[in-house]
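Visitor: Requesting a structural model of the entry that follows:
(2 chains)
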2 protein chains.
Amino acid sequence: MSLLLLLRGAGGARGALRPCCPWGRAASRRGLSSGAGVRPGRRSLLAGLAGAAAALAGLGLARRAEMVSREPVAPSLGEAAEDEDELSRRCGDFMAPPVSGLRELRSRRQDVRSRMEMLIMETQSQVCRALAQVDRGAAFTVDRWERKEGGGGVSCVLQDGNVFEKAGVNVSVVSGHLSEEAVQQMRSRGKTLKTKNGKLPFCAMGVSSVIHPKNPHVPTIHFNYRYFEIEEADGTKQWWFGGGTDLTPTYLNEEDAVHFHKTLKEACDQHNPELYPKYKKWCDDYFYIKHRGERRGIGGIFFDDLDSPSKEEAFQFVQSCAKAIVPCYVPIVKKHSRDPFTPEEKLWQQLRRGRYVEFNLVYDRGTKFGLATPGSRIESILMSLPLTARWQYMHTPPEKSREAEILEVLRNPKDWVH
Amino acid sequence: MSLLLLLRGAGGARGALRPCCPWGRAASRRGLSSGAGVRPGRRSLLAGLAGAAAALAGLGLARRAEMVSREPVAPSLGEAAEDEDELSRRCGDFMAPPVSGLRELRSRRQDVRSRMEMLIMETQSQVCRALAQVDRGAAFTVDRWERKEGGGGVSCVLQDGNVFEKAGVNVSVVSGHLSEEAVQQMRSRGKTLKTKNGKLPFCAMGVSSVIHPKNPHVPTIHFNYRYFEIEEADGTKQWWFGGGTDLTPTYLNEEDAVHFHKTLKEACDQHNPELYPKYKKWCDDYFYIKHRGERRGIGGIFFDDLDSPSKEEAFQFVQSCAKAIVPCYVPIVKKHSRDPFTPEEKLWQQLRRGRYVEFNLVYDRGTKFGLATPGSRIESILMSLPLTARWQYMHTPPEKSREAEILEVLRNPKDWVH
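Guide: Purely as a prediction, here's the structure:
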């Protein structure tokens, strides 16, 4: 799916990668420092831009009005100044400066496009901080990269830590013109797209993450939340959201499965009680390793092409999902990160990691499309692969074993919340 | 590519798998026993069939005459009886009984289809025996499986041995009707195929193998030799061969690379001096991990759709290639299997294994098609994956290191024989 490609994959050519940590603390090796020492620098960067904010906010509002009817009204001049402080304060907590830059974000700060960029940067930061705290050892390496054709991203990776084998949280915000292949793919998904001279301007952004812990009793999590905008030849804009959060345990722990699904359900139910059941099923269907007849994990939620009931409401829903990531996962990590385990349990985890690789390389639409797109940032796309994996010919767990128990659930997904 | 699918992949549904070792020694755990104790049983199986041999040999000839003009003349009655003894003697050395059964093979023993089946069974046996001897520890597990739709295979796997981490040598001989998808794929490769009610009877067979050693100084080898026949609506038969042998070292050893390529070149040169350069380039082009800008290994030979100058000559060429497998590889294994290595060298091997997985799951046409085909024998298709692999974010070897040296060759293939 082109959407995922652009979010996870598309980046500059590898030569164009520029690790950049202007916040000064991005690649610190022992956890995340407070960053207090760099605040003056950041403030001076913002100072020269403040004057243009109100006018730009108005432009932002005018743009929004074309698309959706239920957004908040434009802020007054005083509110705009307050918003600016709020914006820079929020940016100060990010892993690296936002891709679009403060000036641009401020200029259209009420626009969903800017609010989504703030949300994905914030999600990245919250997840990385929560994980680094649990790991108590390794720090996230932060790579801020730019894309020649427009936009860029921030890739945060923690490798070989105390608790985590490999944890990657990637943000990308890219824009430009969709390739003919991407347009074809979107059309094949049922979208009507009017191009001008074969061109279609787009903007895509998202946060994408896979966390592989060391202990086989701590499950792997994956999440991805993304937003897409395209502008057709006649000026019409199309937009949609996609995303999801899903869990891949090596061994089944029913209590954890219920906690995970309930937390996601609560996030969905705030918006519409029909969402969780629908997106839970979609998740089970999507993460299906067809040649094995197994799901990759015990599911969660998955959705795509979400463009209703309004842009504002869809954004609010995505925000609730993003905010549910830490509470649905971190308690499970804390609960099991010191569980004892046997070499046999570690081996079973490695075999399940092999299945994870199979799903990601053979079926995952984002990975496939990303790999097929020239100029993609391969290291960010394949960040999702585990540090280590194993394939053993004809491995079949004994009947009634704990390995057979999880396989049963992967073959026949369960309802965890009723 | 449908061709590969059918050879490597297509098997019965997993439930239909029947491990079957009527030769009695197939799954012996300490190397390969001589099998002398089972010979009488095998002979009695053959005894009842001998009388029909001459007549069936004639039928075989009549069939052959439709296809090719340069085959040997039909044997006399006395020669036919000698051939039968020869046939049963050769079968006695196989890892398991041939898929088609002795009766059928005897009935058309001069036909390339039968000779190819004998060749792939013999190749499997020669390679497995040579590897088991080098390993001096683990034995090959032999699974003989049948395919509901017609045909079957013999999968031989040695796992976690002294020298080999995972060595798989797989034979399959399948027939039936091509799926609509397979027909489309063949057409997209330029083949004109006249179906009858959308159906196209086919027969495909091949031997396919990947050998992953433990020591990072011993390279991985892959080979695959296959034969395909289809019968069009008007009774016309199309046939072709495909195959190749290629090497994937973790570290470059120029002497080994030269030995490997020279041995393959000599096999090719017996038939036509143009073959090696052409198939060497094809190999470099095929085993290309596009998203990495690297080849999987240092190449070898690769060819497909080989249907000239005659069926007999094409078969003879494939036979020469198959006979070159042991001499091009086993001396390299023997030379390095006791080389000392460091944990860093083992780690680099694991990272290269990760790339091997990427190629096989993302690009290899046979694997992709096999996984997409219902009823494939997944364990045989994915036998090609290493026991263990690793993915490390942003791993870049230091300049002028031995790791950088092999990368340079993978990025810019070399001519090893001039």
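Visitor: Please enumerate the strands of the stretch 201-350 of chain A.
Guide: Here the stretch 201-350 of chain A has its strands, by DSSP state E, counting those that start in this stretch, at A:201-213, A:220-231, A:237-248, A:288-289, A:294-295, A:299-306.
Visitor: could those strands be laid out in TSV, adding mean neighbour count, mean pLDDT and distance to chain B?
Guide: All C-beta atoms are positioned from the backbone trio N, CA, C, and that covers glycine. Converted to TSV, these look like this (neighbours: other C-beta atoms under 10 Å in any protein chain shown; pLDDT from 0 to 100; distance: least, C-beta to the nearest C-beta, whole Å):
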stretch	mean neighbour count	mean pLDDT	distance to chain B
strand A:201-213	25	95	10
strand A:220-231	24	96	14
strand A:237-248	22	96	16
strand A:288-289	18	98	9
strand A:294-295	22	98	11
strand A:299-306	23	96	22
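Visitor: want to try TSV for those, with distance to B:Gly375 as columns?
Guide: TSV is the format used below for those (distance: least, C-beta to C-beta, whole Å):
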stretch	distance to B:Gly375
strand A:201-213	32
strand A:220-231	30
strand A:237-248	27
strand A:288-289	16
strand A:294-295	17
strand A:299-306	27
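Visitor: B:Ser376 is nearest to which of these?
Guide: Checking the strands of the stretch 201-350 of chain A against B:Ser376 by C-beta to C-beta gives strand A:288-289 as the closest, at 13.4 Å.
Visitor: Report how many residues lie close to the closest residue to A:Phe315 other than its chain neighbours.
Guide: Distance criterion C-beta to C-beta, 6 or more residues apart in numbering or on different chains; nearest residue to A:Phe315, sequence neighbours excluded, is A:Val112 at 5.0 Å. By the criterion of other C-beta atoms under 10 Å in any protein chain shown, A:Val112 has 25 neighbours.
Visitor: Phi, psi for A:Val112 please.
Guide: phi -60, psi -30 (degrees, to the nearest 10).
Visitor: looking at it, it is touching A:Glu313, isn't it?
Guide: No: using C-beta atoms under 8 Å, A:Val112 is not in contact with A:Glu313, being 10.6 Å away.
Visitor: on that earlier part again, closest to B:Ala324 out of the strands of the stretch 201-350 of chain A?
Guide: strand A:288-289 (37.1 Å).
Visitor: got a list of contacts for the closest one?
Guide: A:Glu294, A:Arg295, A:Arg296, A:Arg355, A:Glu358, A:Phe359, A:Val362, A:Tyr363 (C-beta atoms under 8 Å, 6 or more residues apart in numbering or on different chains).
Visitor: burial count for A:Lys281?
Guide: 15.
Visitor: From A:Leu410, how far out is it?
Guide: 15 Å (C-beta to C-beta, to the nearest Å).
Visitor: A:Met118: neighbour count?
Guide: 18.
Visitor: That one and A:Pro413: what is the separation?
Guide: Taking C-beta to C-beta, one finds A:Met118 at 34 Å from A:Pro413.
Visitor: Then A:Pro216?
Guide: 21 Å.
Visitor: Show the model's pLDDT score for A:Ala138.
Guide: On the pLDDT scale, A:Ala138 is placed at 87.
Visitor: Now do the contacts for it.
Guide: A:Ala132, A:Leu158, A:Gln159, A:Asp160, A:Gly161, A:Asn162, A:Phe164.
Visitor: of these, buried ones?
Guide: Among the contacts of A:Ala138, those classed as buried by 16 or more other C-beta atoms under 10 Å in any protein chain shown are A:Ala132, A:Leu158, A:Gln159, A:Gly161, A:Phe164.
Visitor: Ramachandran coordinates for A:Val357?
Guide: phi -60, psi -40.
Visitor: right, and it touches B:Asn360 too?
Guide: No: at 10.6 Å, A:Val357 and B:Asn360 do not qualify as touching, with contact defined as C-beta under 8 Å.
Visitor: Make a markdown table out of the contacts of strand A:288-289 and add distance to A:Val207.
Guide: Formatted as a markdown table, the contacts of strand A:288-289 follow (distance: C-beta to C-beta, whole Å):
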| residue | distance to A:Val207 |
| --- | --- |
| A:Glu294 | 27 |
| A:Arg295 | 23 |
| A:Arg296 | 20 |
| A:Arg355 | 24 |
| A:Glu358 | 24 |
| A:Phe359 | 20 |
| A:Val362 | 24 |
| A:Tyr363 | 21 |
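Visitor: just curious, which of the residues you listed is nearest to chain B?
Guide: For the contacts of strand A:288-289, the minimum distance to chain B (C-beta to the nearest C-beta) is 5.3 Å, reached by A:Val362.
Visitor: For chain A, which residues score under the pLDDT cut-off?
Guide: For chain A, applying pLDDT under 70 flags the ranges A:1-81, A:83-84.
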